[in-house]
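Colleague: Just the structure for this:
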Amino acid sequence: MTGPLRPPLGVFVAALAMLALLGGLLAPASAAPPGPAARPMPGAFTGYAFDARCAPTQAEMDVWRRHSPFWGVGVYVGGSTMACRPDPADPASGQPHLDATWVRRQTAAGWRVLPIWVGPQASCSGYADRIDPAPAGAYAAADAQGRAEATAAVERARALGIDARSTLWYDLEDFDLAGDDCRRSALRFLSGWTEALHDLGHRSGVYSNIAAGIHALDNADNLSPGSYTMPDQVWFAWANGRADTVVSDKVRPGSWAGERVHQYALDETATYGGVTLTIDRNYLEVGGGSVAPPAPRACGGVRLDRVSYPTLAKGRRGQVVRTAQCLLRKAAAYRGKVDGRFDADVARVVRRHQRLTGLPVSGRVDRRTWVSLLARGQAPLLKEGSAEDAVRRLQRSLVATGARLRVTGVLDRATSRAVATYQRRAGLTADGVVAPDTWAALRRGRV
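Modeller: Purely as a prediction, here's the structure:
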């Protein structure tokens, strides 16, 4: 979101989680849209997002969902200074693809939509629509402007079917902090924006340069606490090329911890799955970050997470044999006791599984057999930031291939790297995105 009429925030953010379908791609635009989303955006998430100029087409979103690392997309929803500004005679012309159906499709596919509003800019900026810098009444005019913009943004969000608990982001482009009236009126405007959003049931977000709007907010909160109402989340532009949410020395380290978006690369031409867009890249840690649901109990409490999965053969006993028996039972192939004894019945079921999977038939639970068993189950699309039990199955399978990972249920940076390493060995595109081809290779016991 830098430069005049550049989608503030770079319009599409991320990253994601996670309700991916086994086949990977969403239904074409001609299909009936899914039902309304019923979850606040962006929710609890750690991962990648992109913002571009205007909302991509459904076909572009579908391809990027399958092939890109992003689970989040930032999109302009309105405001007087918005890029993609519509023709006054045709309000839909500015964002021809953005409507309630578009929002429903993205959220149903696992995208986290970040709605961006870009109205009046700082009074010392070069934009046509500016915040009133008059100091009268402690910048009461600026406060009223911020509240009015929040009201308009909420009305637009409701029309798009965006959950009432979602964060709405105000894009305040770069400006000079030296002028007191310019800086204070901007702060009062953003305070009014935040208070009005809270009154209307939304969370408040502010996008700005880390050395401009975000620094001004943090400095005011530090030097004059309580004078302005702070946003719940910040989205800071700092093109240092680092995909993290670590702030510069312009912001105190603890400010908005766990509630940050970092725009770390600007105006890049990126191609995924043959579809090219010009984007800004962002990394999110919001809502405290991605958190996996509790792990379900398996076979009455058998431990499936192990630091290694050794080869097992007939006559072996112990807890690791119980793990293998439980996995064989989950594969609907073993009906005996989960008693930690590798007997002839277990060996017979192992041979059957190996024949059905195309593995060498040995009757032993070797590394390839472990990988195959651990990967069984649903095959959702997973990327960095995904947090669900399928991630645990993925992590266990990767551990069985030799990766050194903690099984957490959250697809973090280490897991993404382990996925890419595995994909290279398996002859797949090493993008860290766990799609049907990666699941298929794991189920076949590729190591």
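
Colleague: With just CA atoms, put stretch 126-142 into CSV.
Modeller: Output of stretch 126-142 as CSV, limited to C-alpha atoms (Å, rounded to 0.1, in the frame of the first residue of the first chain):
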residue,chain,number,x,y,z
GLY,A,126,-0.3,14.9,-1.2
TYR,A,127,-3.6,13.2,-1.4
ALA,A,128,-6.8,15.0,-2.4
ASP,A,129,-8.9,13.8,0.5
ARG,A,130,-7.1,14.6,3.8
ILE,A,131,-7.7,14.5,7.5
ASP,A,132,-8.8,17.9,9.0
PRO,A,133,-5.7,19.3,10.9
ALA,A,134,-7.6,21.9,12.9
PRO,A,135,-6.6,21.6,16.6
ALA,A,136,-9.9,23.0,17.8
GLY,A,137,-11.6,20.8,20.4
ALA,A,138,-8.6,18.5,20.6
TYR,A,139,-8.9,17.7,16.9
ALA,A,140,-12.6,17.0,17.2
ALA,A,141,-13.1,17.3,13.4
ALA,A,142,-10.5,14.6,12.8
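
Colleague: Report the buried residues of it.
Modeller: Within stretch 126-142, the residues scored as buried using 16 or more other CB atoms under 10 Å are 127, 130, 131, 132, 133, 139, 141, 142. Quick note: C-beta positions are derived from backbone N, CA and C, even for glycine.

Colleague: Just put these in JSON lines and tack on pLDDT and secondary structure.
Modeller: As requested, these are exported to JSON lines (pLDDT from 0 to 100; DSSP: H, G, I helix; E, B strand; the rest coil):
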{"residue": "127", "pLDDT": "96", "secondary structure": "coil"}
{"residue": "130", "pLDDT": "98", "secondary structure": "strand"}
{"residue": "131", "pLDDT": "98", "secondary structure": "coil"}
{"residue": "132", "pLDDT": "98", "secondary structure": "coil"}
{"residue": "133", "pLDDT": "98", "secondary structure": "coil"}
{"residue": "139", "pLDDT": "98", "secondary structure": "helix"}
{"residue": "141", "pLDDT": "98", "secondary structure": "helix"}
{"residue": "142", "pLDDT": "98", "secondary structure": "helix"}
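
Colleague: Pick the one among these closest to residue 116.
Modeller: Residue 116 lies nearest to residue 127 out of the buried residues of stretch 126-142, by CB to CB, at 15.5 Å.

Colleague: List the contacts of the closest one.
Modeller: Applying CB atoms under 8 Å, 6 or more residues apart in numbering to residue 127 gives the contacts 4, 81, 120, 121, 173.

Colleague: Buried members of the residues you listed into ChimeraX, please.
Modeller: The buried residues among the contacts of residue 127 can be selected in ChimeraX (16+ other CB under 10 Å) with this line:
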select :81,120,121,173
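
Colleague: Make a markdown table out of the contacts of residue 127 and add distance to residue 157 and secondary structure.
Modeller: As requested, those are exported to a markdown table (distance: CB to CB, whole Å; DSSP: H, G, I helix; E, B strand; the rest coil):
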| residue | distance to residue 157 | secondary structure |
| --- | --- | --- |
| 4 | 25 | coil |
| 81 | 18 | coil |
| 120 | 19 | coil |
| 121 | 21 | strand |
| 173 | 21 | coil |
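
Colleague: re earlier: out of the buried residues of stretch 126-142, who's nearest residue 444?
Modeller: residue 127 (57.0 Å).

Colleague: From residue 174, how far off is the closest one?
Modeller: According to CB to CB, to the nearest Å, residue 127 and residue 174 sit 11 Å apart.

Colleague: what do you get for residue 223?
Modeller: Separation of residue 223 from residue 174 (CB to CB): 21 Å.

Colleague: And those two? Which one has more around it.
Modeller: The residue with more neighbours, out of residue 223 and residue 174, is residue 174; 17 against 8, by other CB atoms under 10 Å.

Colleague: nearest spatial neighbour of that one, skipping sequence neighbours?
Modeller: Spatially, and ignoring its direct neighbours in sequence, residue 174 is nearest to residue 209 (4.5 Å; CB to CB, 6 or more residues apart in numbering).

Colleague: bridging residues for that neighbour?
Modeller: With DSSP bridges as the criterion, the beta-bridge partners of residue 209 are residue 237.

Colleague: and it, what does it touch?
Modeller: By CB under 8 Å, 6+ apart, residue 209 lies in contact with 2, 173, 174, 215, 236, 237, 238.

Colleague: If we ignore the residues flanking it in sequence, what's nearest residue 124?
Modeller: Nearest residue to residue 124 in three dimensions, chain neighbours excluded: residue 182, at 3.8 Å (CB to CB, 6+ apart).

Colleague: Give me the neighbour count for the one you found.
Modeller: Residue 182 has 20 neighbouring residues, counting by other CB under 10 Å.

Colleague: 38 is where my numbering starts, stick with that
Modeller: OK, 38 is where the count begins now, so the last one is residue 219.

Colleague: Test my guess that residue 307 contacts residue 317.
Modeller: No: with contact defined as CB atoms under 8 Å, residue 307 does not count as touching residue 317 (9.9 Å).
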